[in-house]
Each structure stands twice: as C-alpha cells, then as structure tokens.
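# next input, structure requested:
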Amino acid sequence: MGMIDSQLVFAEAQAATAEGDTASTNVLDMGSAANGPAGLTQENLWVQAICSTATTSGGSATVQAVLQDSADNATFADVAAGPVYANPVAAGTRILAIQPPPAMRRYWRIAWRIGTAVLTAGKFDAFVSNTLQQNVAEPSGFSVA
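Sure, this is the predicted structure:
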C-alpha cells in the first residue's frame with residue numbers, strides 16, 4: 001500500500017473552474033532537502049490527479065490535468081498531459097496517472113486545463129506517490145439488508 005507524503009501534494013480539493021489553465025495550489029520543489037532530487041530515488045514515482053468533486057458546466061466544458069516543470073519556479077512548460085475529459089467528470093475519476101519522465105526540471109506543478117466553457121463546480125486532488133492510488137471512494141451500488 002502506498003502512502004501520500006504531505007510534502008508531495010500539488011492540490012487537495014482545489015476548485016478550478018475558469019477556462020484556461022489554473023496552476024495547482026502547491027508547486028513542488030524537487031531539489032529541496034525534503035523532496036529531492038526526485039531523480040535519485042529508488043522508488044517508481046507516480047504523479048496522479050483525481051476529480052474529488054464532480055464537475056458541472058453550463059456549456060460543454062472539458063477537463064485535463066497537465067504536469068508542468070520549471071527551472072526557476074516562474075516559467076513553466078508542459079511535460080505530460082492526461083486525456084481530455086468531457087463534462088461531467090464524476091467524483092473519483094483518475095484524470096492523470098503517469099510516471100514522471102527523466103530529466104524533469106526542479107519545480108513541478110499541475111495545471112488544470114479547462115476548455116470550451118467554464119465549470120460551475122468541480123474540485124481536484126493531485127499528488128506524487130510511490131504507487132498508484134487504488135482506493136478511490138466510489139458508490140457501492142448495493143445495499144446491506
């Protein structure tokens with residue numbers, strides 16, 4: 001079972017509703033004493049983003065999670081992008097799960113890319129962990145008598 005280190009959380013229940021890119025709440029400094037350098041770890045790292053609250057939109061909004069990096073914590077570039085999801089995105093949907101490519105620069109963040117129309121609701125989590133998050137809460141679909 002994997003663990004999520006609080007120093008490796010990009011966002012927790014972050015509302016991203018505006019059209020365009022919204023940067024994650026936190027930028028991870030993977031060259032800091034607490035986190036890095038990430039490339040020297042013996043673990044297989046995973047960057048994951050999950051829709052924690054279902055999205056809604058008055059239009060036909062799309063949602064995408066994009067991993068970005070930077071050398072100076074000011075100018076970020078796309079490194080890898082998850083698939084584009086059409087609204088509505090259900091709570092518990094994993095919208096990004098990738099292993100970061102080698103040679104990423106020091107600062108990492110997630111950009112929540114909202115396209116076509118604004119979201120009227122929706123929240124997202126993103127983090128780095130050493131395993132894929134498998135225990136995302138989902139409705140049970142059955143009742144106990």
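# what stretches of this structure score poorly on pLDDT?
By pLDDT under 70, the low-scoring segments of the chain are 1-3, 32-43, 133-145.
# let's see 90
Scanning the chain for pLDDT under 90 picks out the ranges 1-7, 30-45, 101-103, 129-145.
# what about the helices in the chain?
Taking DSSP state H as the criterion, the chain contains no helices.
# where exactly do the strands run in this protein?
The residue ranges that make up the strands of the chain, judged by DSSP state E, are 4-15, 20-23, 28-29, 46-56, 62-70, 77-81, 85-86, 94-98, 107-115, 121-129.
# can you redo those strands as TSV with mean neighbour count?
Placement of C-beta: from N, CA and C, glycine included. As requested, the strands of the chain are exported to TSV (neighbours: other Cβ atoms under 10 Å):
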stretch	mean neighbour count
strand 4-15	17
strand 20-23	16
strand 28-29	20
strand 46-56	21
strand 62-70	22
strand 77-81	14
strand 85-86	15
strand 94-98	17
strand 107-115	22
strand 121-129	22
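# okay, and the beta partners of the nearest residue to Thr93 once chain neighbours are set aside?
By the measure of Cβ to Cβ, 6 or more residues apart in numbering, the closest residue to Thr93 outside its immediate chain neighbours is Cys51, 4.6 Å from it. For Cys51, the beta-bridge partners under DSSP bridges are Phe124.
# hmm, Leu96 and Cys51 touching each other?
No - between Cys51 and Leu96 no contact is recorded; they are 10.2 Å apart, counting by Cβ atoms under 8 Å.
# roughly how far apart are the nearest residue to Gly122 once chain neighbours are set aside and Arg94?
What sits nearest to Gly122 in space, not counting adjacent residues and going by Cβ to Cβ, 6+ apart, is Thr55, at 3.4 Å. When Cβ to Cβ, to the nearest Å is the yardstick, Thr55 and Arg94 sit 14 Å from each other.
# next: Ser60.
Using Cβ to Cβ, one gets 22 Å for the distance from Ser60 to Arg94.
# and if you look at Asp78?
Distance of Asp78 to Arg94, given as Cβ to Cβ: 19 Å.
# same question for Ala81.
The separation that Ala81 has from Arg94, given Cβ to Cβ, amounts to 14 Å.
# nice, that's everything, thank you.
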